[in-house]
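# Task: produce atomic coordinates for the following.
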Amino acid sequence: MSNNISNSISMDDYEVLIRKRGDNQYASYCPQLNLMITGLFHEEVEEKMYSKIAQHIQNLKANQNVANN
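The predicted structure is shown next:
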């Protein structure tokens, strides 16, 4: 299995898997970023993961802009 981090700037290219662990614990995993986030609520881990993906994409775009200038 590869641990390469995605260079895609399309949100549609990122998977988010959410799993309930125990009574009140959830885990969100994004294989393209090799990132897991845990929390107490489904919505919490979902929102945090999408925020991390958006931040990753924003960083990629900023790095592209720097490279093009």
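# going forward, measure contacts and count neighbours with C-alpha atoms only.
Fine.
# how about the most centrally placed residue in the chain, secondary structure?
The centroid of the chain falls nearest to Ile53 when counting by Cα atoms, centre = their mean (3.8 Å). Secondary structure assignment for Ile53 (DSSP: H, G, I helix; E, B strand; the rest coil): helix.
# and Ser6, how many neighbours does it have?
15 (other Cα atoms under 10 Å).
# thinking again about what came up before, any idea how far the residue nearest to the centre of the chain lies from Asp23?
27 Å (Cα to Cα, to the nearest Å).
# try Ser8
For Ser8, the distance to Asp23 - Cα to Cα - is 35 Å.
# just Met11 next, same as before
30 Å.
# Have a look at these two and say which one is more surrounded.
Met11 (12 against 7).
# check contacts around the residue nearest to the centre of the chain.
Each residue near Ile53 by Cα atoms under 8 Å, 6 or more residues apart in numbering is listed here: 11, 14, 33.
# And for Val45?
18, 26-28, 37-39.
# Would you check how far apart it and Asn63 are?
Distance from Val45 to Asn63, by Cα to Cα: 27 Å.
# How many residues are close by Thr38?
Using other Cα under 10 Å: Thr38 sits among 20 other residues.
# just checking, it touches Asn24?
No. Using Cα atoms under 8 Å, Thr38 is not in contact with Asn24, being 10.5 Å away.
# May I see the buried residues of stretch 40-54?
42, 45-46, 49-50, 52-53 (16 or more other Cα atoms under 10 Å).
# Output those residues in CSV, with pLDDT and secondary structure appended to each entry.
Formatted as CSV, the buried residues of stretch 40-54 follow (pLDDT from 0 to 100; DSSP: H, G, I helix; E, B strand; the rest coil):
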residue, pLDDT, secondary structure
His42, 96, helix
Val45, 98, helix
Glu46, 97, helix
Met49, 98, helix
Tyr50, 98, helix
Lys52, 98, helix
Ile53, 98, helix
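# Farthest-apart pair in these, please.
His42 and Ile53 (16.7 Å; Cα to Cα).
# End to end on stretch 14-21, go ahead and measure it.
Stretch 14-21: ends 22 Å apart by Cα to Cα.
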